[in-house]
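Peer 1: just need the structure, nothing else, for what follows:
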Amino acid sequence: TPLGNPDLNAIRNAYSEKICDVVFSESLGNSNDICFNYPLEGRIEQFDHTGTKNLSDTIGRLEMLIGELPKPLAVIFDSIFRLKHVRRVLEGKLGGKFDFQEWSGLEKSGGLKAKLNDRTVVLGTSAIEIGIDLAFRSLIMEASYWTSAVQRLGRVGRKIPGNVVIFTRRDFTPFIGDVTEFDRTDFEQRVLQGALKQPEDAMVAGEL
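Peer 2: Below is the predicted model:
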């Protein structure tokens with residue numbers, strides 16, 4: 001994730017003569033290349049998904065989306081406490097229809113890759129943002145910080161086209177306007193970076 005900070009800038013300045021910026025914009029590719037950014041169908045749902053008063057609303061939306069979206073499906077939370085509560089409620093309501101797995105700092109479902117099928121719903125935190133290469137067909141994610149949102153967006157569309165629903169308290173309207181289709185890089189750098197918080201001086205961790 002492209003994130004600058006004073007320490008990184010100090011290193012760049014100290015070794016400025018030895019630094020080479022590698023630009024990929026001229027790499028057009030060919031038919032033999034492996035695609036890792038398949039198209040995504042997405043929508044943004046703006047509401048206070050983190051508030052305790054609205055938790056029933058969050059659960060209601062998740063219950064509806066889990067029934068609608070293609071599986072395997074990943075749901076990524078900012079909070080391990082919210083994940084645990086929501087998992088308990090959803091398993092009580094939908095446990096007979098779907099197979100709920102967890103991938104967080106407290107629990108990682110063993111053999112997850114072998115378990116992915118059209119009934120699998122993986123509930124995770126920031127622990128699932130990197131190092132997980134699974135063929136999710138859909139993603140629901142809470143989005144607060146743009147750097148984390150970019151990583152989470154990368155969990156879907158890796159193997160096949162996918163679907164994404166973003167839960168946020170931020171207003172994306174000024175950054176989206178009337179546009180209905182985005183290049184992924186443009187969406188990450190202009191929309192997500194513009195609409196969401198900057199991570200400076202803030203902890204981004206679903207384990208706290």
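
Peer 1: so the residue minimising distance to the centre of the chain is in which element?
Peer 2: With distances taken as CA atoms, centre = their mean, the residue of the chain nearest its centroid is Arg152 (2.3 Å). Arg152 belongs to helix 146-153 when elements are defined using DSSP states H and E.

Peer 1: the next helix or strand after that helix to helix 146-153, inter-axis angle?
Peer 2: Counting by DSSP H and E, the element after helix 146-153 in chain order, helix or strand, is strand 162-168. In terms of direction (axes from the mean of the first three to the mean of the last three CA atoms, to 10 degrees), strand 162-168 departs from helix 146-153 by 150 degrees.

Peer 1: can you tell me what sits against stretch 62-79?
Peer 2: 50, 83, 86, 90, 93-94, 97-98, 116-126, 128-129, 134-142, 144, 152, 155-156, 163, 165, 206, 208 (CB atoms under 8 Å, 6 or more residues apart in numbering). Using the backbone N, CA and C atoms, a C-beta is placed for each residue, glycine as well.

Peer 1: which ones among those residues map onto strands?
Peer 2: Secondary structure from DSSP state E places 120-124, 138-142, 163, 165 of the contacts of stretch 62-79 in strands.

Peer 1: what's the most distant pair in the residues you listed?
Peer 2: Spanning the widest gap among the ones in strands among the contacts of stretch 62-79 are Thr120 and Glu142, at 19.7 Å by CB to CB.
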